[in-house]
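**Q** Just need the structure, nothing else, for what follows:
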Amino acid sequence: MVNQNLTATEIGFTHEDFAALLDKYDYHFSPGDVVPGTVFSIEPRGALIDIGAKTAAYIPIQEMSINRVDSPEEVLQSNETREFFILTDENEDGQLTLSIRRIEYMRAWERVRQLQAEDATVRSGVFATNRGGALVRIEGLRGFIPGSHISTRKPKEELVGEDLPLKFLEVDEERNRLVLSHRRALVERKMNRLEVGEVVIGTVRGIKPYGAFIDIGGVSGLLHISEISHEHIDTPHSVFNVNDEVKVMIIDLDAERGRISLSTKQLEPEPGDMIKNRDLVYDKAEEMAAKYREQLLAKQQGATAAPAAPVEVVAEEEIPPAAELEEEIPPAAELEEVTPPAAELEEATPPAAELEEEIPPAAELEEVTPPAAEIEEVTPPAAEIEEVTPVVAETEEEIPAAAETEEEIPAAIEE
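**A** The predicted model follows:
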């Protein structure tokens, strides 16, 4: 046969030619690229992957998943084809290092950012706790719940293994920070059934120098020291004890920060009743809350209609009317006394022909008639009138604006 008589020389294709052909069609791989690959060999601590390079790439077991992996078979199967992330460049043997964990990591952060943008509530189990709070996993990423955002009566150590509803507080891939809030998730759910001006019954769970924390239906609200009574209070301990049952009114709901602000001061029939006669405050709580809601509604309607109009009216009442201002300004009749009226000029003036000779020129008449500048000296300038008249801005300082009144309420929130 002809094929049997062919030799390597007759074929004209050597090993050097084959190597050159491979170099010609070799693909260039760079760290950070995502490429398809096929698993063709699984080893105890890794696997060899064919990605089309001259040498098989290698993926270590720690790069096989974003979660802990004890055996490569938990993630990879022989002849399986999937995407791999090129982690490092070729080593001295020409071998690339691959990663699946990096791909899962990038996609997990993308998913978490999407959940935060949607303000979604997620559930996750606590797998560890520390002095600062609790640790959970969201989409394979490790998340942290600060102790101040854990709303439960259990000790933190007993939360391990428990599923919690959570809201996102911070998602920062660059700093590798994923912070969540259990309290905000509970408050949001509770807020759907609460409203500002509502009276609720709660239990004092903690007392701090700046206020008392009240448990209302499983969520904690802050009764700031400035919202306990109209009278001065040195410390909340002088009014409350832990486990006291109290009746409070909701004055602010901050779903974004997961905070509920409470008040007993707004329920006092008379200033200081919370200190002198607490039972009276509780008995009239609903009545005082109804008045508070009416005032709040009126304030909101006034702000929507024309917030500056009432202030301007008050200011105009204090400004002396035009008639009084005219008394200080010499009237036109008095000014005309300085300048002889037209009738007197006509009596002393001969007919028109002679009048032209005797009437001084306009320049001389201006000397007899006080110039505008002299009249202005008699007339108090506008600036002096404004000194006598309270300016609108000064009047507004005496009348507390709605915005200043509302600043007293969020004091409980900021603390």
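**Q** okay, CA-based contacts and neighbour counts for the rest of this
**A** OK.
**Q** neighbouring strands for the helix or strand encompassing residue 47, and are they parallel or not?
**A** Assigned by DSSP states H and E, residue 47 belongs to strand 46-50. If you go by DSSP bridges, strand 46-50 pairs up with strand 34-43 (antiparallel), strand 57-60 (antiparallel).
**Q** Pick the most buried one from those.
**A** Of all the strands paired with strand 46-50, strand 57-60 has the most neighbours on average by mean count of other C-alpha atoms under 10 Å, namely a mean of 21.
**Q** Longest helix in this structure, please.
**A** Looking across the chain with DSSP state H, the single longest helix is helix 285-305.
**Q** any idea of the mean pLDDT in it?
**A** Mean per-residue pLDDT for helix 285-305: 85.
**Q** Quick check: buried residues in that helix?
**A** Buried residues in helix 285-305, counted by 16 or more other C-alpha atoms under 10 Å: 285, 286, 288, 289, 292.
**Q** would you list these in a markdown table and tack on distance to residue 170?
**A** As requested, those are arranged in a markdown table below (distance: C-alpha to C-alpha, whole Å):
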| residue | distance to residue 170 |
| --- | --- |
| 285 | 39 |
| 286 | 39 |
| 288 | 39 |
| 289 | 36 |
| 292 | 36 |
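**Q** what are the ranges of the strands in the stretch 1-150 of the chain?
**A** Remark: strands assigned in the stretch 1-150 of the chain by DSSP state E, counting those that start in this stretch are 34-43, 46-50, 57-60, 81-88, 97-99, 122-129, 133-138, 141-146.
**Q** Next, format those strands as TSV and append mean pLDDT and distance to residue 279.
**A** Converted to TSV, the strands of the stretch 1-150 of the chain look like this (pLDDT from 0 to 100; distance: least, C-alpha to C-alpha, whole Å):
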stretch	mean pLDDT	distance to residue 279
strand 34-43	91	70
strand 46-50	92	72
strand 57-60	92	70
strand 81-88	91	69
strand 97-99	93	68
strand 122-129	93	42
strand 133-138	94	39
strand 141-146	94	37
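**Q** Alpha carbons only: can I get stretch 173-184 in CSV?
**A** Provided in CSV are the C-alpha atoms of stretch 173-184 (Å, rounded to 0.1, in the frame of the first residue of the first chain):
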residue,chain,number,x,y,z
GLU,A,173,-17.4,45.1,48.7
GLU,A,174,-14.1,47.1,48.6
ARG,A,175,-13.9,47.1,52.4
ASN,A,176,-15.4,43.6,52.7
ARG,A,177,-18.0,44.8,55.1
LEU,A,178,-21.5,43.3,55.2
VAL,A,179,-23.5,44.7,58.2
LEU,A,180,-27.1,43.7,59.0
SER,A,181,-29.8,44.5,61.5
HIS,A,182,-32.2,42.2,63.3
ARG,A,183,-33.8,45.1,65.1
ARG,A,184,-34.6,47.0,61.9
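**Q** which residues of the stretch 101-250 of the chain fall in helices?
**A** Here the stretch 101-250 of the chain has its helices, by DSSP state H, counting those that start in this stretch, at 101-117, 182-191.
**Q** most tightly surrounded among those?
**A** Ranked by mean neighbour count, the helices of the stretch 101-250 of the chain are led by helix 182-191 with a mean of 22 (mean count of other C-alpha under 10 Å).
**Q** What is it packed up against?
**A** Secondary-structure packing of helix 182-191 (3 or more C-alpha pairs under 8 Å, 6 or more residues apart in numbering; DSSP states H and E): strand 163-172, strand 219-224, strand 259-263.
**Q** Residues contacting that helix, please?
**A** For helix 182-191, the surrounding residues in contact (C-alpha atoms under 8 Å, 6 or more residues apart in numbering) are 121, 145, 149-151, 164-167, 217-219, 253, 255-260.
**Q** now do 7 Å
**A** With C-alpha atoms under 7 Å, 6 or more residues apart in numbering as the contact definition, helix 182-191 has outside contacts at 121, 149, 150, 151, 164, 165, 166, 167, 219, 255, 257, 258.
**Q** That helix to strand 122-129, inter-axis angle?
**A** 150 degrees (axes from the mean of the first three to the mean of the last three C-alpha atoms, to 10 degrees).
**Q** Helix 182-191 - what's its average pLDDT?
**A** pLDDT averaged over helix 182-191 gives 83.
**Q** same question, stretch 250-261
**A** For stretch 250-261, mean pLDDT rounds to 83.
**Q** can you check stretch 199-219 too?
**A** Across stretch 199-219, the average pLDDT comes to 89.
**Q** Distance check, the nearest residue in space to residue 199 that is not next to it in sequence against residue 216.
**A** In space, and not counting its chain neighbours, residue 199 is closest to residue 249: 4.3 Å by C-alpha to C-alpha, 6 or more residues apart in numbering. Applying C-alpha to C-alpha, to the nearest Å, the value for residue 249 to residue 216 is 11 Å.
**Q** So for these two, which sits in the more crowded spot?
**A** A count of neighbours by other C-alpha atoms under 10 Å puts residue 249 above the other of residue 249 and residue 216, at 25 against 19.
**Q** That one against residue 260, yeah?
**A** No - the criterion here is C-alpha atoms under 7 Å, and residue 249 misses it with residue 260 at 10.3 Å.
**Q** What is the neighbour count of the nearest residue to residue 90 once chain neighbours are set aside?
**A** In this structure, residue 90 finds its nearest non-sequential neighbour in residue 96, 4.5 Å apart by C-alpha to C-alpha, 6+ apart. A count of nearby residues for residue 96, using other C-alpha under 10 Å, gives 23.
**Q** residues contacting residue 96?
**A** 57, 58, 88, 89, 90.
**Q** And for residue 100?
**A** 63, 64, 65, 84, 85.
**Q** Angles on the backbone of the second one, please.
**A** Spelled out, that is residue 64. Torsion angles at residue 64 (phi, psi; degrees, to the nearest 10) stand at phi -90, psi -20.
**Q** so it makes contact with residue 103?
**A** No - in this structure, residue 64 is not within contact of residue 103 by C-alpha under 7 Å, at 9.9 Å.
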